[in-house]
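Chemist: Sequence first, then the predicted structure:
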Amino acid sequence: GDSNMLVYEYMPNGNLWESLHGGNRGASLDWPTRYKIALGVANGLAYLHHDCQPGIIHRDVKSTNILLDADFQARVADFGFAKILQA
């Protein structure tokens, strides 16, 4: 039958929780990097809510569901509880 699947690119800096709590090879996030991550998450959620057709509500945003690439650009992950908005 038909099934949907999400495939994510490799995120070498793990998730936000690991980076904030020292589980990511002892890495520590400075304030400019934290700000960059917060903006990335906000932009990602704004895209899902307003620019996707139909819109998507994530419903499970937390630090373990924010993945970080090599440059600490944030990606929202884990859409298991997401709802697709009906027009």
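Modeler: Okay, I see it.
Chemist: Who's the closest spatial neighbour of Ile37, skipping the chain neighbours?
Modeler: Ala74 (4.7 Å; Cβ to Cβ, 6 or more residues apart in numbering). Bear in mind the C-beta positions are built from the backbone N, C-alpha and C, glycine included.
Chemist: quick one, strands of the chain?
Modeler: 56-57, 66-68, 74-76, 83-84 (DSSP state E).
Chemist: now for the third one, which elements pack on it?
Modeler: Helices and strands touching strand 74-76, as assessed by 3 or more Cβ pairs under 8 Å, 6 or more residues apart in numbering; DSSP states H and E, comprise helix 31-46, strand 66-68.
Chemist: Tell me how far that strand lies from the chain's centre.
Modeler: 3 Å (Cα atoms, centre = their mean, to the nearest Å).
Chemist: Please apply the same query to stretch 72-87.
Modeler: On Cα atoms, centre = their mean, the centre of stretch 72-87 falls 8 Å from that of its chain.
Chemist: And the contacts of it?
Modeler: Around stretch 72-87, the neighbours that count as contacts under Cβ atoms under 8 Å, 6 or more residues apart in numbering are 6, 8-9, 11, 13, 15-16, 19, 29, 33, 36-37, 40-41, 44-45, 48, 54-61, 64-69.
Chemist: could I have that stretch exported to PDB, CA atoms only?
Modeler: Extracted in PDB, the C-alpha atoms of stretch 72-87 (Å, rounded to 0.1, in the frame of the first residue of the first chain):
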ATOM      1  CA  PHE A  72      24.600  24.600  14.000                       C
ATOM      2  CA  GLN A  73      21.700  25.400  11.600                       C
ATOM      3  CA  ALA A  74      18.500  24.000  13.200                       C
ATOM      4  CA  ARG A  75      16.200  21.500  11.600                       C
ATOM      5  CA  VAL A  76      12.800  20.600  13.200                       C
ATOM      6  CA  ALA A  77      12.400  16.800  13.300                       C
ATOM      7  CA  ASP A  78      10.000  14.100  14.500                       C
ATOM      8  CA  PHE A  79       6.700  14.800  13.000                       C
ATOM      9  CA  GLY A  80       5.000  11.800  14.700                       C
ATOM     10  CA  PHE A  81       2.400  14.000  16.400                       C
ATOM     11  CA  ALA A  82       2.000  16.500  13.600                       C
ATOM     12  CA  LYS A  83      -1.400  17.600  12.200                       C
ATOM     13  CA  ILE A  84      -2.000  18.700   8.700                       C
ATOM     14  CA  LEU A  85      -4.300  21.700   8.600                       C
ATOM     15  CA  GLN A  86      -7.400  21.500   6.400                       C
ATOM     16  CA  ALA A  87      -8.200  24.600   4.300                       C
END
